[in-house]
Each structure stands twice: as structure tokens, then as C-alpha cells.
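1. Okay, structure incoming, though there's no sequence with it:
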């Protein structure tokens, strides 16, 4: 994670150690080959395909189809909403799990990882089983006139579930290493709960929090499996961008499909760059961690 | 403001941190909570501050019961072991924190911050970050931050634990003077008996969640109430022996002991402090032959470590400089060790049922 490492990790070239030259070349060569085949070539190919007819065609693929436009806007509303929910949840969960010792704490800590472990399709199915028209809460929701499944709330729930651990997972080790002493000091100096959070806790965790939010956002935009189950695939209504990519592809609209895919890829690369820059920058700052204080 | 602790207990899981502690801290005093790690001294301090809750018992400030009062309402200045300075704030912001959360006018805050920077001798360092300060300076910032809100009492957790010997010595004297000027009731936790004795008016010796003894440094040192206190206060020499009819025999020690006058022999332990043993070149009555292992100069003293082969015990003896010059002790030499005095503790007999 970004809290480790000193900042001298890159750019030192081959270090002379005991391993023979051929072994080093073999290992480095296979690492480069595997990365290239599995990651670099597909990503480059997405852009090659997307821009095969030029940037103008790419742009019109993105903007002229009403369903594609709707998918873009839908993703731009569902993903930030899920990120916001998970930011609030993540901070609360990290606070609870690092500042209190209670029965069932370890269980909660383990449950927090469940969304990473369980297949997103299963997550979507669970939402269907609970909120669907024949689901557990279905009849009651219908009476109240609230549509969850095959609508925005369902997409939001599915995305939130899948990205639940990102912020909390980032904050828990950070807050654990920071310790509670500064917060106790603030309390003994007369700070109320809000003053404590805004003046002491948040400034200390801000970089970790931002890092978690960026990761969470990247994943939220790209989520496919869980969303696929709860969306119902209604074009122009419940198709998010990843779903739109698939649908266009199924309709043999390869240029459209690759254009949308390239936008997702660009956003992912931007996220990665932001995270990398953040990591690089915070590592050079005078120790944000460090127990001595 | 005086502090009264009445029957305070605290348990963490299976660990009984405090069991039924009673303590009186007089207003304006400087009290040390002294004990080994795990003795409950820090827990007690945190309970006084309200940073930890007691399972049972009461905490009173003067006559007011504050047991249920939240930490932020107790008006207590607390200095943490590792200072707990706000790492993203400058020194001045750290000191101002308590005033700012109370929404004091900015001009007052600035004036008070300057006043405190002067008091802790850190003028001109207000704009530094805590990471840019030395350990001793951080400690003084923590103290200034706690004092900024004019607390009713000052609580310090191992205030000098993380500092090197010279800085520690300096800060001790300084804190002592500060206390004399301000007369804020002060309680500090330490595991260092020297620190407790040098600074405090009242020493509270703690062990396994209980108070072993409370008293002035002189009282505690001269009249230790229990064998634990005796043991804890310095590298004391221990002789195991027995008492019969008012007479103790423990190694080289033969002395009257009026605490037990039965004819039936009972186990007893004699404790002798390093300065209460004398080294001689010639054998005298009740002297123990021993070989010198090590001679270490320590200021006005010479610390001598010896092995008494006859008993298989190591002895620590402090020899005054003058006497040391006379004796010219060298490692490997055979000498005789004689106790000038001893304290006897008799454990409760273990009855066999």
C-alpha cells in the first residue's frame, strides 16, 4: 500500500547480486513479456480500434447515440454516489474498528473483505433476491412505490456493495499506525466530536482517504457483473458504460463498443496516474506516519 | 484542586489493571505514581483524566464527583508519553488548539501562545512542525499545549521516558520549578524511582493494580512498607534466612528482630541497600568473603559488584569516593562485605492444611 516504501524504490537499474546473468535476464524478460501480452497490448489495441476511423468518428460514436450518452451520464451519477456512500461508510468503519475494542470486532474486520471475495454476480443476485418483485422486500417496496431492481437504486446498491472495502481497507491500517493518542489529546483539550474529526483525524488521514476514494471510484465505474444482474439491461435507462460496451459489441457495433471502452480505459489510466502521483508526492513529504510524535 | 480516588477498579479482558485503589492527592502537590510496567499506574492516570473509564469506584475533584464526567469537561491538562502532538499543525497551532476549540478571540489566543512559548523557552519556534523539533522540545510543546487552557491539574504519563539522560535531568529540574511557580496539582507516572524521588512531594508505589505504599520520598525510602517496595527501590541486596526467637540469621546478617519471638523458626528475608554494605580488606565478625567482579565509578560513588561464593549471590555495594580511594579496589580481589543495617520482611506463613 502507499504508506510503505521510502521513495528510493525506482530507477536504480540492475543491482549486482549473486544471481547469474542469464537468470536475471530470464526473469526480467518474462516479467516484461507477460505484462506486455496481458496488459499493454490489449490496452493499446482498445485505442487502436477506437481511433481506427479517426478522432472525429470516435467522438461521434460517443455523442450521437442517445443510449450511449445516457449510459455515460448514468455511470457518472452512479459511481460518484457509490463512492460518496463508501467514503462515509469507510471512515465510520475504520474509526469503529481501530478506536474501539469490542466483541465481534475481528468478525466485522473479516466481513469487510467479503465484497472482494464473493463474485459480483452473486452480489447482484442477492440484491435481486431481497429487493426484486418476488424478493423478500419486493411486495412491500412495490406498495411503497419504490423501484429498486432494474432502476437507479439497484445499480447504486450493487456498485456500493462491490466497492465497499476500498476506503475502509485503506484507512484501517493507517489509523491503526497513527494511534489514538492525538485524538485523546484533542479530547482532553476540550474538543467535541466534530472538532476532533475535522481538526485532528481528517487532516491526518486525508492522503490515505483520497487514495482509497480514487481506487473506489475506478472500480465503481468499471463494475460489470453485479450491475449486469440488477440492471435488466434496458437501453437508455439502466445501461451503465460497461454494460453499454457489451451491448454494442453484441449488436456488431464494434466502433461504438471500442469508443466507449476507450473512455473507460482513459478514466482508469487517469485514476492510476492520480494515485501514482499522490503516492509519489506523499512519500516525499516529511513523514506523515512515524510513531514518535 | 485535590484528587480523591475511592475504590477504583478496572479490568481489561482477563487482566485486572486496577483493583480497589484508594488515593488522596492533596491540592497543589506534585505526586509520582511509581511502579513497574503493568502495575496500573498509567491506567489510573487515564482514569483521573477521564480518558479511560473505571469499572467501579469514584473519582472526586475536591468534593465534586467527576466519575461520569467526560474528559473534555474535566479541565485536566494531559501530557502523553509520546507527546501526541498534532503532526500536521505547527508548534503555535498545537499550543493554541485548546483555546481555539473553546472559540476564544484570536488576539487572546495569540497572546497566550506567545506567553507559553516564552514559558517553555521555545520563542521563535512557533512556526515549526513537530517533526522539526528535538525530543526535549516536543516534550515542552506538549506541556505548553496542556497548560494553555489553564487546567485545574496537570497529568503527565512517563514525561521524560523517551529522552536521553542529560535532557531528562534538565527537564526534571525545570518542571519542578515550574510546579513551584504555578502550584497546579500535578500527577506524573514513572517507572524510574530516581525521577520520582527527585521531583515528587508524594510518591505512590504501585504493583499489580494495587497501591503498595504512599508517602513522602523520604518515608518510602527509609520505611518501605512491603518487600515489593524495598525490592523496587533500587538494586537492593537480598539475603534469605530465618528468624528464631527474636533473632535473625540470614547469610552474614545476625540481628535482633522483635517482630517474631516464637521459638519455631520461620523464613524471613533481609534487604540491604548498596550503601548499607561496607567493604573491608580484613575479616571481621559477620563479614562475608566475596570476590570483586566489577568496579564502576559513578559520580561521588563507586559501584562495586561482587560475588559471594559461599552463598552464590551477587552483591551490589556503593562505596563513597573517599573510602574508595583508601581501598583501591580492583576486580578479582578477595574482600569482606559487612552489612551496617538491614530491613527484615517476613512473608505470611504458608499453612499446611
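-> Nice, thanks for sending it over. Fair warning: this is a prediction, and the values are worked out from it, not measured in the lab.

2. interface residues of the stretch 51-200 of chain A facing chain B?
-> Contact residues of the stretch 51-200 of chain A with respect to chain B, defined by CB under 8 Å from any CB of the partner chain, are listed as A:181-182, A:184-192, A:195, A:199-200. (Each C-beta comes from the backbone N, C-alpha and C, glycine too.)

3. again, only using 6 Å
-> A:181, A:182, A:184, A:185, A:187, A:188, A:189, A:190, A:191, A:195, A:200 (CB under 6 Å from any CB of the partner chain).

4. Let me know how buried the closest residue to the fourth one other than its chain neighbours is, in neighbour terms.
-> Yep, that's residue A:185 we're talking about. Closest residue to residue A:185 in three dimensions, ignoring its sequence neighbours and counting by CB to CB, 6 or more residues apart in numbering or on different chains: residue B:84, at 4.2 Å. Around residue B:84 sit 26 other residues, with neighbours defined as other CB atoms under 10 Å in any protein chain shown.

5. With residue B:285 instead?
-> Residues within reach of residue B:285, counting by other CB under 10 Å, total 7.

6. Tell me who's in contact with residue B:314.
-> Taking CB atoms under 6 Å, 6 or more residues apart in numbering or on different chains as the contact definition, residue B:314 lies against residue B:307.

7. could you redo the last one with a cut-off of 8 Å?
-> Applying CB atoms under 8 Å, 6 or more residues apart in numbering or on different chains, we find residue B:314 in contact with B:293, B:305, B:306, B:307, B:308.

8. How about residue B:261?
-> Residues near residue B:261 by CB under 8 Å, 6+ apart: B:245, B:246.

9. That one and chain A, how far apart?
-> 53 Å (CB to the nearest CB, to the nearest Å).

10. Could you do residue B:117 as well?
-> The span separating residue B:117 from chain A equals 17 Å under the rule CB to the nearest CB.

11. same check, this time on residue B:163
-> Following CB to the nearest CB, the distance that separates residue B:163 from chain A is 12 Å.

12. give me phi/psi at that residue?
-> phi -110, psi 160 (degrees, to the nearest 10).

13. Surely it and residue B:137 touch.
-> No: the criterion here is CB atoms under 8 Å, and residue B:163 misses it with residue B:137 at 10.4 Å.

14. What parts of chain B come near chain A?
-> By CB under 8 Å from any CB, the part of chain B that sits against chain A consists of B:49-51, B:70-74, B:76-78, B:80, B:82-88, B:97-98, B:101-102, B:129-132, B:135, B:138, B:145-146, B:148-149, B:162.

15. So which of the residues you listed are in strands?
-> Secondary structure from DSSP state E places B:76, B:77, B:78 of these in strands.

16. And the pLDDT at the second one?
-> In the prediction, the pLDDT value recorded for residue B:77 is 92.

17. now do residue A:293
-> The pLDDT attached to residue A:293 in the predicted structure is 37.

18. where exactly do the helices run in the stretch 1-150 of chain A?
-> Listed in chain order, the helices of the stretch 1-150 of chain A (DSSP state H, counting those that start in this stretch) span residues A:21-35, A:41-50, A:55-63, A:66-99, A:105-111, A:114-117, A:120-131, A:138-144.

19. so what does the fourth one touch, helix or strand wise?
-> Contact partners of helix A:66-99 among helices and strands, from 3 or more CB pairs under 8 Å, 6 or more residues apart in numbering or on different chains; DSSP states H and E: helix A:55-63, helix A:105-111, helix A:152-162, helix A:165-178, helix A:202-222, helix A:241-250, helix A:254-284.

20. which one of these is the most hemmed in?
-> Taking mean count of other CB atoms under 10 Å in any protein chain shown as the contact definition, the stretch among the helices and strands packed on helix A:66-99 with the greatest mean neighbour count is helix A:152-162, which reaches a mean of 24.

21. can you tell me the average pLDDT over it?
-> Helix A:152-162 comes out with an average pLDDT of 91.

22. what's next to it, contact-wise?
-> Taking CB under 8 Å, 6+ apart as the criterion, the residues outside helix A:152-162 that touch it are A:74, A:77-79, A:81-82, A:85-86, A:115, A:120, A:123-124, A:127, A:131, A:146-148, A:219-220, A:223, A:225-227, A:229-231, A:238, A:240.

23. Recalculate using a threshold of 6 Å.
-> Outside helix A:152-162, the residues within contact range by CB under 6 Å, 6+ apart are A:78, A:81-82, A:85, A:115, A:120, A:123-124, A:127, A:148, A:220, A:223, A:226-227, A:230.

24. what number of residues lie near residue A:124?
-> Neighbouring residues of residue A:124 were enumerated by other CB under 10 Å; the total is 26.

25. if I look at it, how far off is residue A:235?
-> Taken as CB to CB, to the nearest Å, the spacing of residue A:124 relative to residue A:235 amounts to 19 Å.

26. Residue B:163 too?
-> To residue A:235, residue B:163 is 70 Å away according to CB to CB.

27. Which of the helices or strands spans the closest residue to residue B:66 other than its chain neighbours?
-> Of all residues not flanking residue B:66 in the chain, residue B:59 sits nearest, at 5.4 Å (CB to CB, 6+ apart). For residue B:59, the enclosing helix or strand under DSSP states H and E is strand B:56-61.

28. That strand - what's its average pLDDT?
-> Rounded to a whole number, the mean pLDDT of strand B:56-61 is 94.

29. List the neighbouring strands of it plus their orientation.
-> Paired with strand B:56-61 in the same sheet, following DSSP bridges, are strand B:3-12 (antiparallel), strand B:64-65 (antiparallel).

30. confidence score at the residue nearest to residue B:183 when sequence neighbours are not counted?
-> Spatial nearest neighbour of residue B:183, chain neighbours left out: residue B:28 (4.5 Å); criterion: CB to CB, 6+ apart. At residue B:28, the predicted lDDT confidence score is 91.

31. Am I right that residue B:28 sits in a helix?
-> No: per DSSP: H, G, I helix; E, B strand; the rest coil, residue B:28 lies outside any helix segment and is coil.

32. mind listing what the residue nearest the centre of chain A touches?
-> If you average the C-alpha coordinates of chain A and look for the closest C-alpha using CA atoms, centre = their mean, you land on residue A:216, 2.3 Å from that point. The neighbours of residue A:216, taking CB under 6 Å, 6+ apart as the test, are A:83, A:86, A:163, A:166, A:167.

33. Can you get me a residue count around residue B:115?
-> By the measure other CB under 10 Å, the count of residues near residue B:115 is 13.

34. Look up how far residue A:115 lies from residue A:226.
-> Noted for residue A:226: a distance of 9 Å to residue A:115, by CB to CB.

35. more crowded one of the two?
-> When residue A:226 is set against residue A:115 and neighbours are counted by other CB under 10 Å, the residue ahead is residue A:226, at 29 against 17.

36. didn't the more buried one look like it was pressed against residue A:124?
-> Yes: shown here, residue A:226 and residue A:124 form a contact pair, counting by CB atoms under 6 Å, at 3.9 Å.
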